[in-house]
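[1] predicted coordinates and the sequence they were generated for:
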2 protein chains.
Amino acid sequence: MSARADRTENTVSGIADVARAAGVSQSTASRALTGRGYVAPTTRERVRHAADTLGYVASTNAASLVTGRNRAIAVVVPRVTRWYFASILEGAERALLPHGYDLTLYVAEPHTRDRETLYGHFLARKRFDGLIAVALEPDDEEVSRLVGFGKPTVCIGNDLEGLATLGIDNAAIGWMITQHMIELGHTDIAFLGATPPEEAAVLDVEDRVRGYRDAMAESGLASQVRTWAASLTVTAGYAAAASLLADRRSRPSAIVAACDEVAIGTIIAARRLGIAVPSQLSVIGVDGHDYAEMFALTTVEQHPQQQGEHAALAILGMLEGGPPDQGRTEASTRLVVRASTAAFTG
Amino acid sequence: MSARADRTENTVSGIADVARAAGVSQSTASRALTGRGYVAPTTRERVRHAADTLGYVASTNAASLVTGRNRAIAVVVPRVTRWYFASILEGAERALLPHGYDLTLYVAEPHTRDRETLYGHFLARKRFDGLIAVALEPDDEEVSRLVGFGKPTVCIGNDLEGLATLGIDNAAIGWMITQHMIELGHTDIAFLGATPPEEAAVLDVEDRVRGYRDAMAESGLASQVRTWAASLTVTAGYAAAASLLADRRSRPSAIVAACDEVAIGTIIAARRLGIAVPSQLSVIGVDGHDYAEMFALTTVEQHPQQQGEHAALAILGMLEGGPPDQGRTEASTRLVVRASTAAFTG
DNA sequence: TCCGAATATGGAAGGGTTTCCACAAGGAGC
DNA sequence: GCTCCTTGTGGAAACCCTTCCATATTCGGA
């Protein structure tokens, strides 16, 4: 594109060099390049040209030091290898890139030593202008620390007191997908994907379980409530489903999965066991996973990529001086009925 | 843990405050906290205590301005939602966290506008001390730009002139997995997952195709060579396999997949079409995907998480003053034979 | 014609660290 | 007893930018 810096110079040029080359003062050069304050159009052009010619790039450190802005957003996720988190990340990145903001990634499961390091060391450096915290567990100290940073923060997933949150109503969705099964005539409906005892509770899941219980109770099926534990992965769902479905007599006719990964694992397990989906077993999930269509999975889509994008834009908005945006934003969801659920047939 | 800053003070304390509180000069305080230079043990302790009490955290911007170090590693990936990339990311993060380095994430497909922005704007700011570039396509300009940053750089995936690279020998692996099929007696072996015409070539895949062709030719099967296009996802593999396998007469007896996602898509498609794996169709992949075991997939594991970790540690090593580490490092791989491949039976 | 506001520019003060340099004191080696 | 090296500390420069303040010019309106 434009002329590159002369690589033969071993000294990187600073704004003083640009100013000299353009025949203006340092302050004018700065104004011309940052776009703040009055600068004559011709001067601005001259400075820009000089900067281009010299290959000048402002030192973000120096700039940040005086402006207090870092042009970076921190994103905290428990993991990256789950589709949901990866999608949020992609969405956030997509929103940040055109605005010139870096995305600083922190990966740490809640309630771990890494998490502690994260707060005590990384976030304490405050090298970010805003923060997106995904799937935060409601730990009072954690929240007060986040608030203490005094930076625009958006949580995706759980609803936390005092922080702006973006997410779905998990209890309502747990209720909805259970109700879907009930309306299809199922009564023997198991919930698969409750938090295993050795893992820390995931609030999203707990809420979905609650919705499941409520729906069952409302239809007089409280006694049929059965929850099976599984981590939120395809492989864990597969293993759990395999054991749940192994005994023909105790086999449920419908499975409400904690998320699509678990639902997909369930479908794979069912196929392997020779159990036809949906004629012998109905399966429903939550998320709108990339693979859902391939498995003809009935699910509630929640577009995590859009959520990531939305959260990032919300933060950028606050940084531009918008209102603090406390409170909760409901992300859009949509029940997509495919061929993994069908009416109960004796 | 230690005493927190008194939140009632609205002024964030600087090193001058710490020095005053500890009764030493600023320079001594700095030396005590950074660990560089001579400081009496008792003095160091006093300064540390003062810093702790005041909740002092050094401004990274100011520090970076003078040291030229940013304590951040940039990672460039084409996407996050593929298991391979996500795993690398997790591995890199795991290595960086205990060393106090930030991981700045950039997501941009090669040969896109975003990629251009990435180089022209983000990386040009040089806010990173080292760079991990994943699945870089061998574009001369891109390479020279990377080199031009003058920062320790490690490429994961492709072998690029003049840059340290970490990866596997894709041609050899393409050859190996094809040979595995040949040794099982297969002759009608198709390669699934070649780059679709509308997409930019992925060098990794091209190399695997080459290995496939070579192995076929060496066994006198050159005339049987068949490559089918598919993006490197489960869904794309599924769709491509569905069309490849649809016609009973032209159906191959073995499929060499470009990666595990494609292989898994193939297995799912085969099941749906009622084609038994491996008795009627053998399938092999590359990667060692999390789901491989569940699908009993024969594959060549390549441990991307370890690669990410390794790349990060290599960069940290260079930053500590180690040798520049040009050249190529071969990542470990292992052929894992499971039940998706079997001897050809008429 | 005069005055205030808007435009345009330069000088210099920060911003918060690290590090260079100078200096002092104590111990080892002769 | 003298020198040299190691240890310990403080003062001040340097890092590179943005912005405040002051000054100069131009322009529109009364």
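    Right, received. Where do you want to start?
[2] got the contact list for the host helix or strand of residue A:133?
    Element membership of residue A:133 [criterion: DSSP states H and E] is strand A:130-134. Counting by Cβ atoms under 8 Å, 6 or more residues apart in numbering or on different chains, strand A:130-134 makes contact with A:73-78, A:85, A:88, A:92, A:123, A:146, A:149, A:151-157, A:163, A:308, A:311-312, A:315-316, A:318-319, all of which sit outside it. (C-beta placed from N, C-alpha, C; glycine too.)
[3] and the residue nearest to residue A:137 when sequence neighbours are not counted, how many neighbours?
    With sequence-adjacent residues excluded and distances taken as Cβ to Cβ, 6 or more residues apart in numbering or on different chains, residue A:137 is closest to residue A:110, at 4.2 Å. A count of neighbours around residue A:110, defined by other Cβ atoms under 10 Å in any protein chain shown, yields 18.
[4] again, but for residue A:222
    Neighbour count for residue A:222, taken as other Cβ under 10 Å: 11.
[5] the residue positioned nearest the centre of chain A: what's it in contact with?
    In chain A, the C-alpha nearest the mean C-alpha coordinate belongs to residue A:88, at 3.6 Å (Cα atoms, centre = their mean). Residue A:88 sits next to A:75, A:77, A:132, A:134, A:156, A:304-305, A:307-308, A:311 when contact means Cβ under 8 Å, 6+ apart.
[6] follow-up on the earlier one: quick one: distance of the strand holding residue A:133 to the chain centre.
    Relative to its chain's centre, strand A:130-134 lies at 9 Å (Cα atoms, centre = their mean, to the nearest Å).
[7] the following helix or strand past it vs chain B: in contact?
    On the C-terminal side of strand A:130-134, the closest following helix or strand by DSSP H and E is helix A:140-148. Yes: in terms of Cβ under 8 Å from any Cβ of the partner chain, part of helix A:140-148 sits within range of chain B, namely residue A:148.
[8] tell me the first helix or strand C-terminal of helix A:140-148.
    Going down the chain from helix A:140-148, the next helix or strand is strand A:153-156, by DSSP H and E.
[9] strand partners of that next one, parallel vs antiparallel please.
    When pairing is defined by DSSP bridges, strand A:153-156 lines up against strand A:130-134 (parallel), strand A:164-167 (parallel).
[10] burial of residue A:68, as a residue count?
    Using other Cβ under 10 Å, residue A:68 has 11 other residues around it.
[11] hang on, I meant residue A:173
    20.
[12] just to revisit the earlier point, which of the contacts of strand A:130-134 are buried, as a PyMOL select command?
    Selection command for PyMOL covering only the buried members of these, criterion 16 or more other Cβ atoms under 10 Å in any protein chain shown:
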select buried, chain A and resi 73+74+75+76+77+78+85+88+92+123+146+149+151+152+153+154+155+156+157+163+308+311+312+315+316+318+319
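[13] all helices for the stretch 1-150 of chain A, in order.
    Chain-ordered helices for the stretch 1-150 of chain A, with DSSP state H, counting those that start in this stretch as the definition, fall at A:15-22, A:26-34, A:41-54, A:60-67, A:83-96, A:113-117, A:140-148.
[14] tell me which of these sits most buried.
    Using mean count of other Cβ atoms under 10 Å in any protein chain shown, the stretch among the helices of the stretch 1-150 of chain A with the largest mean neighbour count is helix A:83-96, at a mean of 25.
[15] what angle separates that one from helix B:83-96?
    Inter-element angle recorded for helix A:83-96 and helix B:83-96: 80 degrees (by axes from the mean of the first three to the mean of the last three Cα atoms, to 10 degrees).
[16] low-confidence bits of the stretch 1-150 of chain A, can you list those?
    By pLDDT under 70, the weakly predicted segments of the stretch 1-150 of chain A are A:1-10.
[17] got the residues of it near DNA strand C?
    By the rule Cβ under 7 Å from any atom of the strand, the part of the stretch 1-150 of chain A lying against DNA strand C is A:23-28, A:31, A:37-43, A:62, A:65-66.
[18] would you mind measuring the gap between the ends of stretch A:53-63?
    Across stretch A:53-63, the terminal residues are separated by 21 Å (Cα to Cα, to the nearest Å).
[19] just stretch A:215-224 next, same as before
    11 Å.
[20] quick check, residue A:207 in a strand?
    No: when the secondary structure is assigned by DSSP: H, G, I helix; E, B strand; the rest coil, residue A:207 falls in helix instead of a strand.
[21] how close does it sit to chain B?
    Distance of residue A:207 to chain B, given as Cβ to the nearest Cβ, to the nearest Å: 25 Å.
[22] find the nearest non-adjacent residue to that residue, please.
    Skipping the residues right next to it in sequence, residue A:207 comes nearest to residue A:170 by Cβ to Cβ, 6+ apart, at 3.5 Å.
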